[in-house]
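>>> need a structure here:
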Amino acid sequence: MRILATLAAFVFLNAARVTISSAAWPDHPDSLIILHTNDIHAHLLPFDDSQGTVVGGAAARAALIARLRSSDRKTLLLDAGDVFQGTPLYNFFRGVPDYRSMTLMRYDAGALGNHELDDGPASWLRARSEAAFPILSANVFVAGDSSWASRLFPVPAGIRRGARWIGGARVPDGAPLRYLATPYVVREVDGVRIAMLGLTTGEIVSIVSRTRNPGVAVSDPIAVASTLVPELRAKADFVIAVTHVGVGEDRALASRVPGIDLIVGGHSHTFLWDPVFVSNRNANGYGGTAIVQAGRWGDRVGRIAVGVGPRGIRGLTDALLPVRPSEGEDPRVAAMLQPFRDSIATSMDKPVFRNPAPVSMSGLEQGETPLGDFVADVILETSHADLAVMNAGGIRAPLPQGRVTVGDIYTVLPFDNTVVTVPMKGWQVRELLDFIARRLGKGGFAQVSGVQFVIRRGRADYIRVGGHPLESDRAYRVGTIDFLYGGGDGYTMFEKAGPAVRSGVFTRDAAIDFLRRHPGYEFKKRDRIHWEGALPMRDLFHFSR
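Now for the predicted structure:
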């Protein structure tokens, strides 16, 4: 059955007006229901949202999913990646409770996110054994000459074309490559053949650790989809791309690969209260592709209803439904999580600091922020440097008002990054700050300490280090993290500098010690970064990775 009929309705529903009652959607007896999540980032336990409401948690998400399934016969449950990294549960258990909880919820498939590779492919594969569902990526590969990789499927020449190793080097044509994850699956749901293709952001070339991912390669996701989607169209009635590329890239994918009916996306942490519809040459009867995404941290579950019958698609609706522990929790998931929770509760609940007001994480890639200044101050003091640089993407959560615990700091700084000190000449510091200036409003922007400068026409000007003008030939000490020193987020200028002094101190541990040494620390902007002219407009759909 090909999807040939005209789309009768493409109804956009605002989640604020939607209840969990199935009456909120068209009552097609043959509707396919797709539930979707993305960017959970190890938020397995409930947390407070910006309004102070307790939301999220795997047990509450499981209960909501069970309620939604109870009245829907044909249901798929999909996740668009970045299951890992973001709370202490990941730091201690490396994804095991995450995939175990998703197995209990009976996920049908998930995409491979970039943060699944934060500790390298071997660590991911160990956690992967807990997932009783396929994890999809058609464009992430591993070198095929190791003993463990020999068990994986080889990558065809047309798929691997243009592949690059993590770090950016091109993969030689003769190098053996194998799929790290499953590229796609085709399932039949009540007579409807559904293809699910996994795609991962090509940004992993620069945003995952090169040292932890030797032998990992990636191809352009759109190029790979262009090759595979025609094949999937011949096998299926309905083609879904489960992507971890961000909404901006999803739009490009839909425009350039018209055979996809639905994109279930992640990576940009976007709350798409209404689906994005991209008109293209899709021969599915409505000439386009719908894109959905459900924010981040699992405090919403998306619900899509697609009317698929003998005459094709009859309608498509979507809504983002709130996950509220007050409305019930799944006892099996709660019981599974309890031992993990108990084992770290004492250490994570230790007090660190008393905060008079909440500290937002917003605006980290749009300019200087109080939270960014704090982390940069931590690195400056720990590294004993002249100036310090911290990538905005490494700061992942706000700080609450009142009692701040060790667990809160882990959530703000979840990555296993350590503080390093790099010797640089003044001209190299200028190159570094010019790069930061070019990244204003984009991924890769940084927060700084010990330095002031003005962003002027995409360059750093009026640079002062320690209150004095930058001197091109003077030697400076630059504090940063090992991820940036290794070229992460495009900071390749560190490769021209001298060898780093490695402290071995995790950034989060340094932050805990810093706050305990400075109980009166004031979170505020300290006038370090200014700009002339209009602030560059950030890509609306891409702000978190």
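>>> quick one: Ala510 and Ala497, what's the gap?
Look at Ala510 and Ala497: by Cβ to Cβ, to the nearest Å, they are 21 Å apart. For glycine as for every other residue, the C-beta is placed from the backbone atoms N, C-alpha and C.
>>> these two: which has the busier surroundings?
Neighbours of Ala510 and Ala497, each counted by other Cβ atoms under 10 Å, are more numerous for Ala510; the result is 23 against 18.
>>> can you name the residues that contact that one?
The neighbourhood of Ala510, defined by Cβ atoms under 8 Å, 6 or more residues apart in numbering, consists of 378-379, 381-382, 419, 503.
>>> quick one: it is in a helix?
Yes - Ala510 sits within a helix when classified using DSSP: H, G, I helix; E, B strand; the rest coil.
>>> just the pLDDT at it, thanks.
At Ala510, the predicted lDDT confidence score is 98.
>>> please renumber so the chain begins at 17
New numbering, starting at 17: the last item is Ala526.
>>> so the nearest residue to it once chain neighbours are set aside, which of the three states?
Residue nearest to Ala526 in three dimensions, not counting chain neighbours: Thr398, with 4.3 Å by Cβ to Cβ, 6 or more residues apart in numbering. The local conformation at Thr398, judged by three-state DSSP, is helix.
>>> quick one: neighbours of Thr398, just the number.
22.
>>> same question for Pro372.
For Pro372, the number of neighbouring residues by other Cβ under 10 Å comes to 9.
>>> right, and it touches Gln417 too?
Yes - under the criterion of Cβ atoms under 8 Å, Pro372 makes contact with Gln417 at 7.1 Å.
>>> how about low-confidence regions in the stretch 17-166 of the chain?
Applying pLDDT under 70 to the stretch 17-166 of the chain flags the ranges 17-46, 88-89, 162-163.
>>> can you count the residues close to Ser363?
Residues lying near Ser363 (other Cβ under 10 Å) number 13.
>>> which parts of stretch 75-93 are buried?
Of the residues in stretch 75-93, those with enough neighbours to count as buried (16 or more other Cβ atoms under 10 Å) are 75-81, 84, 88, 90-93.
>>> and what of stretch 527-542?
Of the residues in stretch 527-542, those buried by neighbour count under the rule 16+ other Cβ under 10 Å are 527-528, 530-531, 539.
>>> pick out the most distant pair among those.
The distance between the two most remote of the buried residues of stretch 527-542 (Cβ to Cβ) is 15.5 Å, for Ile528 and Phe539.
>>> for Gly442, list the residues it contacts.
With contact set as Cβ under 8 Å, 6+ apart, Gly442 has these partners: 486-490, 492.
>>> what about it, distance to Phe63?
44 Å.
>>> circling back: return the member of the contacts of Ala526 nearest to Val171.
Val435 (37.8 Å).
>>> am I right that the closest one sits in a strand?
Yes - counting by three-state DSSP, Val435 is located in a strand.
>>> may I have the beta-bridge partners of it?
Ile497 (DSSP bridges).
>>> who touches the residue nearest to Ala526 in this structure?
With contacts defined as Cβ under 8 Å, 6+ apart, Thr398 is in contact with 435, 495, 519, 521, 526, 529-530.
>>> can we see that at 10 Å?
404, 434-437, 495, 519, 521, 523, 525-527, 529-530 (Cβ atoms under 10 Å, 6 or more residues apart in numbering).
>>> ok, of those residues, which come out buried?
Buried positions within these, assessed by neighbour count (16+ other Cβ under 10 Å), are 404, 434-437, 495, 519, 521, 523, 525-527, 530.
>>> and the protein, what are its domain boundaries?
Per automatic domain parsing, the structural domains of the chain span 26-355, 367-547.
>>> so which of these comes closest to Ala361?
Of all the domains of the chain, domain 367-547 comes closest under Cβ to Cβ, at 8.7 Å.
>>> so how far is the first residue of that closest one from its last?
By Cα to Cα, to the nearest Å, the extent of domain 367-547 from end to end equals 38 Å.
>>> centre of the chain to that domain, how far?
From the chain centre to the centre of domain 367-547 is a distance of 21 Å (Cα atoms, centre = their mean, to the nearest Å).
>>> one more: stretch 192-211?
In terms of Cα atoms, centre = their mean, the gap separating the centre of stretch 192-211 from the centre of its chain is 22 Å.
>>> just stretch 172-182 next, same as before
With Cα atoms, centre = their mean, you get 23 Å for stretch 172-182.
>>> over to stretch 168-178?
Using Cα atoms, centre = their mean, the mean C-alpha position of stretch 168-178 is found 25 Å from that of the whole chain.
>>> would you mark the buried spots in that stretch?
The neighbour-count check on stretch 168-178 (16+ other Cβ under 10 Å) flags 168, 171, 175-176 as buried.
>>> what's the closest of these to Val292?
Nearest to Val292 among the buried residues of stretch 168-178: Ile175, at 26.8 Å, using Cβ to Cβ.
>>> point out where the stretch 167-316 of the chain drops to low pLDDT.
Judged against pLDDT under 70, the stretch 167-316 of the chain has no low-scoring part.
>>> need the strands for it, in chain order.
For the stretch 167-316 of the chain, the strands identified by DSSP state E, counting those that start in this stretch occupy 180-181, 193-195, 200-205, 208-216, 232-234, 254-260, 278-280, 292-295, 304-308, 316-325, in order along the chain.
>>> what would these look like in TSV with mean neighbour count and distance to Asp135?
Converted to TSV, the strands of the stretch 167-316 of the chain look like this (neighbours: other Cβ atoms under 10 Å; distance: least, Cβ to Cβ, whole Å):
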stretch	mean neighbour count	distance to Asp135
strand 180-181	18	18
strand 193-195	22	20
strand 200-205	16	26
strand 208-216	26	16
strand 232-234	25	12
strand 254-260	30	17
strand 278-280	29	25
strand 292-295	17	33
strand 304-308	24	29
strand 316-325	24	27
